[in-house]
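K.L.:
Below are the sequence and a predicted model; questions follow.
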Amino acid sequence: MENLVPLPPEFYVGDTREVARRLLGCLLLCESPAGIAGGRIVETEAYLVGDPANHSFRGRTARNAPMWGAPGRAYVYLTYGMHYCFNAVTAPEGVPEAVLVRALEPLIGIDLMQARRPGATLRTLTSGPARLTAALGIGPEHNGTDLARGPVRILAPNGMPSPPPGPILAAPRIGVHAAQEEFWRYFLAESPYVSRRDRRARPV
DNA sequence: AGAGCGATGGCCT
DNA sequence: GGCCATCGCTCTA
């Protein structure tokens, strides 16, 4: 993990599915008064324009407005009335696409994360989109913030482009009923920190 | 002003 | 692996 570099906005422009794959292996961190916490991204999902599962599909609202904003910013939303999910906004400004980060391998501030999620094992500490936001302390105050400058940051090991950190599998997205035929969930095949496996998964 | 709902998690078998 | 509690917010009227 030497030579960590914040991903520049340009990284997030381009095919959102490719961005989702290239985020695997990168480091997601959140700094707060309580300390710094984070881990390696092992699972992502792509949400594209024209995709019925995309929050932006039915037009711009107060909630989804950050998706239309600059690439490389955070889109944080509340789901099920109680859980926050974290996305990296992708595509050029005005094109509402994003990558949902679904799981991390815990690396930094493990004590702090365990304090935030009492009872969780290392395996379950950040293996889910709402689990990782709870563990890292990501919340609505981070919505729209610049991921290159913090307090929530995404860093690349050894700069980009770097080789994928192992075999990648693709599968249908979780909790999404539309577009089951699209394999837009990506995860590191060898990581035990992925939120869920899928028999349909295929190599990328 | 209110009904509907959700990119989930945790616990149970 | 499956079920369901849960609850604030979002959108529409």
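P.N.:
Good, I have the coordinates. Because the structure is a prediction, the values reported are computed rather than measured.
K.L.:
tell me, what residue is most central in chain A?
P.N.:
A:Val101 (1.8 Å; C-alpha atoms, centre = their mean).
K.L.:
Which pLDDT value belongs to A:Gly150?
P.N.:
A:Gly150 is assigned a predicted lDDT (pLDDT) of 80.
K.L.:
what sits opposite the residue nearest to the residue nearest to the centre of chain A when sequence neighbours are not counted in the beta ladder?
P.N.:
Nearest residue to A:Val101, sequence neighbours excluded (C-beta to C-beta, 6 or more residues apart in numbering): A:Phe86, at 5.3 Å. C-beta: built from backbone N, CA, C; applies to glycine. For A:Phe86, the beta-bridge partners are A:Val76 (DSSP bridges).
K.L.:
and if you look at A:Cys30?
P.N.:
Beta-bridge partners recorded for A:Cys30 (DSSP bridges): A:Ala37, A:Val152.
K.L.:
I'd like the distance between A:His142 and A:Gly166.
P.N.:
Distance, A:His142 to A:Gly166, using C-beta to C-beta, to the nearest Å: 29 Å.
K.L.:
What about the spatially closest residue to A:Val194 that is not a sequence neighbour, how many residues nearby?
P.N.:
Nearest non-adjacent residue to A:Val194, counting by C-beta to C-beta, 6+ apart: A:Phe187, 4.5 Å away. Look at A:Phe187: counted by other C-beta atoms under 10 Å, it has 28 neighbours.
K.L.:
which residue ranges form the strands in chain A?
P.N.:
For chain A, the strands defined by DSSP state E occupy A:5-6, A:27-32, A:35-47, A:74-79, A:83-90, A:97-108, A:152-156, A:168-171, A:185-188, A:202-203.
K.L.:
what separates the third one from the chain centre, distance-wise?
P.N.:
The offset between the C-alpha centroid of strand A:35-47 and the centroid of the whole chain comes to 5 Å, using C-alpha atoms, centre = their mean, to the nearest Å.
K.L.:
A:Leu29 - nearest residue in space that isn't next to it in sequence?
P.N.:
For A:Leu29, ignoring the flanking residues on the chain, the nearest one in space by C-beta to C-beta, 6+ apart is A:Gly38 at 3.5 Å.
K.L.:
Which residues are in contact with that neighbour?
P.N.:
Counting by C-beta atoms under 8 Å, 6 or more residues apart in numbering, A:Gly38 touches A:27-30, A:104, A:107-109, A:136.
K.L.:
do the same with A:Thr90
P.N.:
Listed by C-beta under 8 Å, 6+ apart, the contact set of A:Thr90 reads A:12-14, A:16, A:19, A:46, A:71, A:97-99.
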